[in-house]
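> here are the coordinates; sequence isn't available:
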DNA sequence: GCCATAGTTCGTAACTTATGAACTATGGGA
DNA sequence: TCCCATAGTTCATAAGTTACGAACTATGGC
């Protein structure tokens, strides 16, 4: 029988800057994390199946949540059939003051810039830069 | 004959948060970048051959500099036989205020924590977490 | 021209990530 | 209690990324 290993949540002193930056260096994961950090309450994974322009397969989503969890960014708890995912931002704020806020703010700036650019020339999509 | 392609420096509006975070999610690259951002003057690549606990092969170093450069974090200019690498932190500060400062500060916090931990049990090395 | 120094490119082996298929885990009926 | 539906995980593997030695380019000095 397949093993369902327990959820891993690193303790605060085992969270690394590199791990945080790596976890948030993926556009889907920052988007998820921004949403979680913004909303006060815990969100199930399935809320995020359509966070990107194309729907995300649930195996992929599951791996993204694992990446965020194991980097120490979120806490996941099973509640019945679904997962309650919430940001660990207060703990991280204590260890690395200002880090999460600055990243989320930069992400917001970038989203706003992109929304403006898209409004100007709506046909241009999928460009990596410019 | 092999092509030596010109150095690529993205313009400020083409710099992405994800790109910055990815570039700085590598321990060698944050260390290099922290050094460059801290020192006022431009540094050649060869200054960093021994920044890590084990010496970094120069082909690897070259790729790390390329990653930093193409993420928009540094500017590299050839001066004679060597490269002058300097941080683009002022430009980035304009686009993403507080981001670089928070990351460098977190990196400093983490280095300090690790130095203390190493002093307590000096034999334990190479552990990823704890 | 030739050598030394600094850095880049290329090939490839090692690692990482994305995803479909098959699975586990839980709760709600019948 | 068994069966089904829903939510998420694991596994296999294909696709993509990274590290590094060897061979190269580029520059300056003699």
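Everything's here; your move. As the structure is a prediction and not an experimental result, all values here were calculated from the model. Numbering: from 1, shown residues only, chains lettered A, B, ... in the order given.
> which residues touch the most centrally placed residue in chain A?
Nearest to the mean C-alpha position of chain A, counting by C-alpha atoms, centre = their mean, stands residue A:33 at 2.7 Å. By C-beta atoms under 8 Å, 6 or more residues apart in numbering or on different chains, residue A:33 lies in contact with A:23-24, A:68, A:73-74, A:87, A:104. All C-beta atoms are positioned from the backbone trio N, CA, C, and that covers glycine.
> Turn the residues you listed into CSV, columns for secondary structure, distance to residue B:18 and pLDDT.
Formatted as CSV, those follow (DSSP: H, G, I helix; E, B strand; the rest coil; distance: C-beta to C-beta, whole Å; pLDDT from 0 to 100):
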residue, secondary structure, distance to residue B:18, pLDDT
A:23, helix, 11, 98
A:24, coil, 8, 98
A:68, helix, 14, 98
A:73, coil, 15, 98
A:74, strand, 18, 98
A:87, strand, 18, 98
A:104, helix, 13, 98
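> thinking again about what came up before, just say helix, strand or coil for the residue nearest to the centre of chain A.
At residue A:33 the chain is in helix, as set by DSSP: H, G, I helix; E, B strand; the rest coil.
> quick revisit: among the contacts of residue A:33, which one has the most neighbours?
Highest neighbour count within the contacts of residue A:33: residue A:24, with 28 neighbours (other C-beta atoms under 10 Å in any protein chain shown).
> still on that earlier bit, how about the contacts of residue A:33 in CSV, adding distance to chain B?
Shown next, in CSV, are the contacts of residue A:33 (distance: C-beta to the nearest C-beta, whole Å):
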residue, distance to chain B
A:23, 8
A:24, 5
A:68, 13
A:73, 12
A:74, 16
A:87, 16
A:104, 10
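> which of these lies closest to residue B:41?
The closest of those to residue B:41 turns out to be residue A:24 (C-beta to C-beta; 30.9 Å).
> gap between residue A:45 and residue A:85?
Separation of residue A:45 from residue A:85 (C-beta to C-beta, to the nearest Å): 7 Å.
> picking that back up, between the contacts of residue A:33, which is closest to residue B:113?
If you rank the contacts of residue A:33 by distance to residue B:113 using C-beta to C-beta, residue A:73 comes first, at 18.3 Å.
> ok, the closest one - contacts?
Taking C-beta under 8 Å, 6+ apart, we find residue A:73 in contact with A:20, A:23-24, A:33, A:87-88, A:92.
> pLDDT below threshold where in chain A?
For chain A, the stretches flagged by pLDDT under 70 are A:1-2, A:121-130.
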